[in-house]
Each structure stands twice: as structure tokens, then as C-alpha cells.
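Asker: Provided below for reference: sequence and predicted model.
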Amino acid sequence: MSATKFHAILSHFPECRIAVLGDMMLDVYLWGKVTRISPEAPVPVVNVNRRTSCLGGAANVMRNVATLNAHAHAFGTVGNDPTADELLASLAEYRIRCDAVERDPSRRTTEKRRVIAGAQQLCREDYEDVHPVDDAIRRRMVNRIVDLIRNGELDAVIFEDYRKGMLAEWMLEEVVAEARRAKVVTALDPKPGSMKPVRGITVMKPNRVEAFALAGVEDGPGGDPATDAALCEAATRLMESWQPEHLLISLAAQGMALYDRSLRPQVIPTRAREVFDVSGAGDTVTATFALSLVSGATPVEAAELANLAAGVVVGKMGTVPVRFEELEAVLPE
């Protein structure tokens, strides 16, 4: 694709209105250095000298939408705790609309705390409750999204499933049905075992491990994604059971494989020059692909742009979004 076409697609990003519904979380990083081995157990002692935090999970997809200059509308739950205050303040910093985020006193805000020494992650602590969100809260969110779709106020809806209790099949079924009638793009980043297939989503974006788990088949020896028999079998089963318009499977160092109902894969090679951290790369791919489709890209063009965006974020440490200027800077000449 020509640079002119890429720039034409990106020029529409600021007009796009994207709702993101899913499991929101806060990623916390404790930075320091190892000073000695603990006398209490054979583990390193980290002298922490800095703490940072950023949006994670569905909130990181919202952040990617915002840093790509589009309008992000957040739908999700947080607890009634200081972590929620920090998460909501961060959403506001990125000008993400968060009037549909609800506090649920029955659960903690999901927090993933990582301890980093130098460039090495030593451990991760997870603070979370994963019981299902109350159906009354879910109903309010679905009704709100459906109203926005009917009023012509949304161009896409992204579902982000991290199996923390926000999403349920009926929610996707109702929103997807309404979105199809209004020609609104829907995208799902799924988690195996979370829900039964929901048919008719515009694009489904698992990574390779998730794709095989969702399809219920064993992974094979790998090789060229264009001729990988096991990958083709997994894609075939997912296309049959979920019936998305497009299936985009992230393949780490091998890039991505894009399938439509013809089941002939389009392989998009990776564009990352150096990989430091893959945290959040899938969120970047989902946000960029959906934005590109809404902005007039073909599915292949959208996958190429998403691949370029992922190449930017994996070259950085921690969960970071891609910025509009960064994506623009890596467009091919």
C-alpha cells in the first residue's frame, strides 16, 4: 500500500468515535535494583526507588484509541478504592469519556503490580476479584451503547475480555446485533473459556495460543503461517463457530495472519526492529485495526497498520500505547 493511502486512512482517525467495553485494570511498576540476596529466603532484595502506573486491560485499549487522536468512550467497572481513583484520573488525563464507568463496591479494582530490577521483571502481584459483574450494571452499559449506536454516535465497539467478570455472551449478542444493523464495526479480543461463540462480530483478534485454545485443537510444529496446517485448522474452526467477518491471529515474531470466509490467509510479517516488552501489544493491535477499518481501510490495510503500531510499542518497556505521531513516523515511504 502506498504512503499516500496510509496517510489518508490516518487522517480520518480524529473523526472516529469508539466505545470500549471490558475488563479495566491498572498496571503498576515498582522500579529499582537488586542490592543483595535476602537472608530470609534465596530471593533477591529489590531496593525500590520509583513507582509508576498506567492504564491496563480494556483501559489500555481506550488509551490507544485516545493517543491515536480518536474519541474513546469507556464502559467498565472499578471498585471503591484508591486504585479506582488513580485509574479514573488517568482516563481523564487522556480525555477518555468515562461517565459510563461504574463503581462496584463488591469488587476490588484490578491491579497488576510488577517489580522491575534494571530491565528484568522479577515478579508480578495481582489484586483482583473475578466474580461476575452484577447484571443490573451490565444492562445499563448495554442499553447505553445501544442508544449511542441508534443515535449515530458510535463508529465502532471494542470488547476486551480478560476474564475478570465484566463481559457476558448476552451483552455481546445484543450489541453486535444492533451494530450490524447500523453498520458499526465490532471487535473482540477474546479469552478462552470465557464465553460461548457469539456470531457476527466484524473482527476477532486472538493471539496464537488463544486461537488454538478457543478452537479446541492442538498446536502444531509451526513454520510458515501461510502453509501451517494446524493454524489453518484452528482458523477454520473459529470461523465456523464464531462466524466473524474477519479473524486476525497475532503470531508474535511471525507477525499476523488475517482470515476471511474464504480461509485463505493473508500473512503480514512483523515490523518490530527490537522487542523489549510485549505487554499491551495486543491492545494496540485491536485499537489500530478497528480505527483503520472505520477510517476506510481494507482489512489487509488495517492489519498492516496494526502491525506497524505493534512494532512501535514492543520496542518500549512496560505497557505503553502508540501515539498518532509515532505511527505516522513509521509509515513506509
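Answerer: Done, it's in. Just so you know, these numbers come straight off a predicted model, no measurement behind them.
Asker: thought Val157 was touching Arg180?
Answerer: No - the pair Val157 and Arg180 fails to qualify as a contact (Cβ atoms under 8 Å) at a distance of 11.0 Å. The way it works is simple: take the backbone N, C-alpha and C, and place the C-beta from them, glycine included.
Asker: In terms of neighbours, single out the busier of the two.
Answerer: Val157 (28 against 16; other Cβ atoms under 10 Å).
Asker: so which strand or helix has that one?
Answerer: With elements delineated by DSSP states H and E, Val157 resides in strand 156-160, which encompasses its position.
Asker: Pull up the overlap in contacts between Val157 and Arg180.
Answerer: Counting by Cβ atoms under 8 Å, 6 or more residues apart in numbering, the shared contacts of Val157 and Arg180 are Thr186.
Asker: Report the contact partners of the spatially most central residue of the chain.
Answerer: Most central residue of the chain, judged by C-alpha distance to the mean C-alpha position with Cα atoms, centre = their mean, is Asp283 at 2.5 Å. Asp283 makes contact with 57, 60-61, 64, 160, 189, 319, 321 under the criterion Cβ under 8 Å, 6+ apart.
Asker: In helices, which of these appear?
Answerer: Under the assignment DSSP state H, the contacts of Asp283 contribute 60-61, 64 to helices.
Asker: May I have stretch 132-146 exported as PDB, CA atoms only?
Answerer: C-alpha atoms of stretch 132-146 as PDB (Å, rounded to 0.1, in the frame of the first residue of the first chain):
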ATOM      1  CA  PRO A 132     -19.400 -11.700  37.500                       C
ATOM      2  CA  VAL A 133     -20.400  -8.100  37.500                       C
ATOM      3  CA  ASP A 134     -24.000  -7.600  38.600                       C
ATOM      4  CA  ASP A 135     -26.400  -7.900  35.700                       C
ATOM      5  CA  ALA A 136     -28.100  -4.600  36.500                       C
ATOM      6  CA  ILE A 137     -24.700  -2.800  35.800                       C
ATOM      7  CA  ARG A 138     -24.300  -4.900  32.700                       C
ATOM      8  CA  ARG A 139     -27.800  -4.000  31.500                       C
ATOM      9  CA  ARG A 140     -27.200  -0.300  32.000                       C
ATOM     10  CA  MET A 141     -24.000  -0.500  29.900                       C
ATOM     11  CA  VAL A 142     -25.600  -2.400  27.100                       C
ATOM     12  CA  ASN A 143     -28.600   0.000  27.000                       C
ATOM     13  CA  ARG A 144     -26.200   3.000  26.900                       C
ATOM     14  CA  ILE A 145     -24.100   1.500  24.000                       C
ATOM     15  CA  VAL A 146     -27.300   0.500  22.000                       C
END
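Asker: Okay then, goodbye and thanks.
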